[in-house]
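Participant: This is the structure alone, sequence omitted:
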DNA sequence: ATCTGATCATAC
DNA sequence: GTATGATCAGAT
């Protein structure tokens, strides 16, 4: 089918104003984030020509995508931080009435290939969490009726980084021993390893302790809600941003 | 209420 | 298929 050369496929189904340019500085990003604080997702979506789904059952990444669009960050599909020039990752996190996270937070897929994951200093977890803009999402009704809390630009404290590093070292050791496929979700103080797949029958091959190939589900690394809760607790106006 | 295994949509 | 964005939904 003929396609209007001016229409990018990523814009199909997203009529309305052109995308915001990338924020050029941390200050500009925070100004945009502050301007979103306290606002309903339906109103923000309308401004960007985004259709609001009735629920998130079939649109699990909708809130995250909307927030990125509203902040002028990249669309989905590209690797690396959301804002490569600023080195900032944007995470939307659903919170309850007390401002505590309602979910764990996706970090990255669990590296299972190879025998040496390397030190914490070079880990993908550290790279991804080096600087994060947390956007709390309050409300538990329909997506459009939820609203945005006070933004938090965060880098791990020394104590938090030590917690993460310890978990990483344990993971690296398990992988080197060919035991990562045995890792249970309850391992890890801050990080958690859980299945991360598009389908229940997805699998990957890894080498076990006896150097045999074994089949396991793809795994992902998540931040525990208890860890994220301590990050969000540093912002007293999380739920009352305006 | 929390935890954890399972799952959904889209871009490339 | 891999990466992005996560939430769902049943078990505990």
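Facilitator: Cool, the structure landed. No experiment lies behind these values; they were computed from the predicted model shown.

Participant: Just the element for residue A:103, please.
Facilitator: In the assignment (DSSP states H and E), residue A:103 maps to no helix and no strand.

Participant: So it sits against residue A:91, correct?
Facilitator: No: here residue A:103 does not reach residue A:91: they are 10.9 Å apart, not a contact under CB atoms under 8 Å. The C-beta positions use only the backbone N, C-alpha and C, and glycine is treated the same way.

Participant: Mind checking which of these two has more residues around it?
Facilitator: Taking neighbours as other CB atoms under 10 Å, residue A:103 and residue A:91 compare with residue A:91 leading, 22 against 12.

Participant: Checking my notes, the more buried one in a strand, right?
Facilitator: Yes: the assignment for residue A:91 is a strand, going by DSSP: H, G, I helix; E, B strand; the rest coil.

Participant: returning to what we had before: what sits in contact with each of residue A:103 and residue A:91?
Facilitator: Residues touching both residue A:103 and residue A:91 (CB atoms under 8 Å, 6 or more residues apart in numbering): there are none.

Participant: how about the helices of chain A, start to end?
Facilitator: Counting by DSSP state H, chain A has these helices, from start to end: A:26-36, A:41-47, A:62-71, A:124-129, A:158-176, A:225-232.

Participant: Isn't residue A:148 up against residue A:241?
Facilitator: Yes: with contact defined as CB under 8 Å, residue A:148 and residue A:241 form a contacting pair (7.3 Å).

Participant: hey, what's in contact with both of the two?
Facilitator: By CB under 8 Å, 6+ apart, the residues touching both residue A:148 and residue A:241 are A:37, A:38.

Participant: between the two, who's got more neighbours?
Facilitator: residue A:148 (26 against 19).

Participant: thinking again about what came up before, out of the helices of chain A, which comes closest to residue A:144?
Facilitator: helix A:41-47 (3.2 Å; CB to CB).

Participant: quick check, distance from the closest one to the centre of its chain.
Facilitator: In terms of CA atoms, centre = their mean, to the nearest Å, the centre of helix A:41-47 is found 21 Å from the chain centre.
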